[in-house]
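> what's the 3D shape of this:
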Amino acid sequence: MAASYVALLALCLFLPPLLLVAWKHWRRGRAARHVTVVVLGDVGRSPRMQYHALSLAKSGFSVTLLGFCNSKPHDELLQSDRIQIVRLTDLQRLAVGPQILQYGVKVVFQAVHLLWKLMCTKPAAYIFLQNPPGLPAIAVCWFAGCLCGSKLVVDWHNYGYSIMGLVHGPSHPLVLLAKWYEKLCGRLSHLNLCVTNAMQDDLAENWGIKAVTVYDKPASFFKETPLDLQHQLFMKLSHTYPVFRARSESSDPDTERSAFTERDALSGAVTRLCGRPALLVSSTSWTEDEDFSILLAALEKFEHLINSGESLPSLVCVITGKGPLKDYYSRLICQKCFRHIQVCTPWLEAEDYPLLLGSADLGVCLHRSSSGLDLPMKVVDMLGCCLPVCAVKFQCLHELVKHEENGLVFEDSEELAVQLQMLFSKFPDPAGKLHQFRKSLRESEQLRWDESWERTVLPLISDT
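You can find the predicted model right below:
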């Protein structure tokens, strides 16, 4: 009798682990050519993870992409028959109760919801996770991987705790908790990718994490925009944003004119307008790591130079993006009394953004890394479009922008204003500095995302 109880106890103890191991092996066999990509954020505003999904699909993997669906992703991703997008529910913070309780409720909901979605999706050989945000996603994806036999790949874009520190301060309990969690759970991954060599070194020295640097590279659709497509884009945007509308009517009523271009009614040929304004573009997520007061102060100085008689063009400044500080900066912009400068802040469709960059005359980046270790993807995209860039200086920017080689680096509004004056002093003369930068970018052989990914990421998941 006692022997029967011992046998039953042994069966109860050992059967569940054996069943789990057998289930994991069965799942792993089904998962060989499937990958789950997780973004605990808006998929449409997560281009790098979209590029991972597309590259995986092109390499023969089927992909399930989990994330919030607040913005439309690229058409190429939507049209791929190898990629399935699974919507995650975006729970906003509670409006009542202590702040730490609000965060706690949101984190618990996201953890349970994400785990449920992961367990319901097709078995995956790998789970690719964007970090940040990594709380609670890193631990949840690791646990799901343990249950299903999936290997966790964390793609470090930045440190989540450092972004929280911009809002709450570096010594806030939530920030300290997030740092502890990120450092602890970050070591659970099977593979780690990161965006700069500086971050690779920091992860190794301070976190005990070995990572492979995978630089952001422009996708193939980031390129110079042909003049006829520029005109189509300007006319499309002019229906919503007055800055793109013609300043004066053509003598021919059949001629179609925007602020920058016109199309001949008979031949259909598109030409740039004589005396057109210069088009300056910046993109942002309107967060604390980008100080747009620097750009506004530089534009005020530029306006003063024009009023003083300097031979400079009028400017159209387009700042694209969504984010928490957009309303704040929109109010500041409305308070400016510009006569020669127009500013608009649109949110563009995914397909229109590359066309705008490829149509612009100058790009400006105000991204200051919260950790000092990541690089602005917007600059990568601008350079891919052969668009000269002025970027604010921070710790590892030199890994992307080489001052006086592929762009200019500034530290404050005074320096930016001087650079704007120098770049636009002969606009649109081909002998000007702006044209020289563009010519240099055209002649440089820029590596594109697909080729870079095949060299760096594909061997890692093929060998493991």
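
> OK, contacts around Ser402?
Slight slip there: residue 402 is Lys, not Ser. By Cβ atoms under 8 Å, 6 or more residues apart in numbering, the contact set of Lys402 is empty. Where you see a C-beta, it was placed from the backbone N, CA and C, and this is true even at glycine.

> gap between it and Arg247?
Taking Cβ to Cβ, to the nearest Å as the measure, Lys402 and Arg247 are separated by 37 Å.

> Glu224 is in contact with Pro354, correct?
No. Pro354 lies out of contact with Glu224 (Cβ atoms under 8 Å); the separation is 10.1 Å.

> residues shared between the contacts of those two?
Listed contacts common to Pro354 and Glu224 are Cys385; contacts here mean Cβ under 8 Å, 6+ apart.

> which intervals of this structure have sub-threshold pLDDT?
For the chain, the stretches with pLDDT under 70 are 1-32, 93-97, 251, 463-464.

> would you mind finding the longest strand in the chain?
strand 34-42 (DSSP state E).

> quick one: that strand to chain centroid distance?
15 Å (Cα atoms, centre = their mean, to the nearest Å).

> what's that strand in contact with?
Identification of contacts with strand 34-42 by Cβ under 8 Å, 6+ apart yields 46, 49, 52-53, 56, 61-71, 88, 110, 114, 118, 121-130, 133-134, 137, 141, 150, 461.

> contact partners for Leu441?
Leu441 makes contact with Leu383, Cys386, Leu387, Pro388, Asn406 under the criterion Cβ under 8 Å, 6+ apart.

> then Val214?
Contacts for Val214 (Cβ under 8 Å, 6+ apart) come out as Asp155, Leu193, Cys194, Val195, Ser452, Trp453, Thr456, Val457.

> among these, which ones are buried?
Buried subset of the contacts of Val214 (neighbour count, 16 or more other Cβ atoms under 10 Å): Asp155, Leu193, Cys194, Val195, Ser452, Trp453, Val457.

> so which strand or helix has the residue lying closest to the first one once chain neighbours are set aside?
Right, the one you point to is Asp155. Nearest residue to Asp155, sequence neighbours excluded (Cβ to Cβ, 6 or more residues apart in numbering): Leu193, at 4.5 Å. Leu193 belongs to strand 191-194 when elements are defined using DSSP states H and E.

> check Ala178 too.
Going by DSSP H and E, Ala178 is part of helix 173-185.

> show residues contacting that helix.
Helix 173-185 is touched from outside by 99-100, 103, 131, 134-135, 138-139, 142, 159-161, 164-165, 168-169, 207, with contacts defined as Cβ under 8 Å, 6+ apart.

> select only the buried ones of the residues you listed in PyMOL?
In PyMOL, this line selects whichever of those come out buried by 16+ other Cβ under 10 Å:
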select buried, resi 103+131+134+135+138+139+142+159+160+161+164+165+207
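
> next step: the contacts of helix 173-185 restricted to helices.
Counting by DSSP state H, the contacts of helix 173-185 place Gln99, Ile100, Tyr103, Ile138, Ala139, Trp142, Gly160, Tyr161, Met164, Gly165, His168 in helices.

> which of those lies closest to Leu315?
The closest of these to Leu315 turns out to be Gly165 (Cβ to Cβ; 34.5 Å).

> now for the closest one: which residues touch it?
Applying Cβ under 8 Å, 6+ apart, one finds that Gly165 lies in contact with His172, Val175, Ser370.
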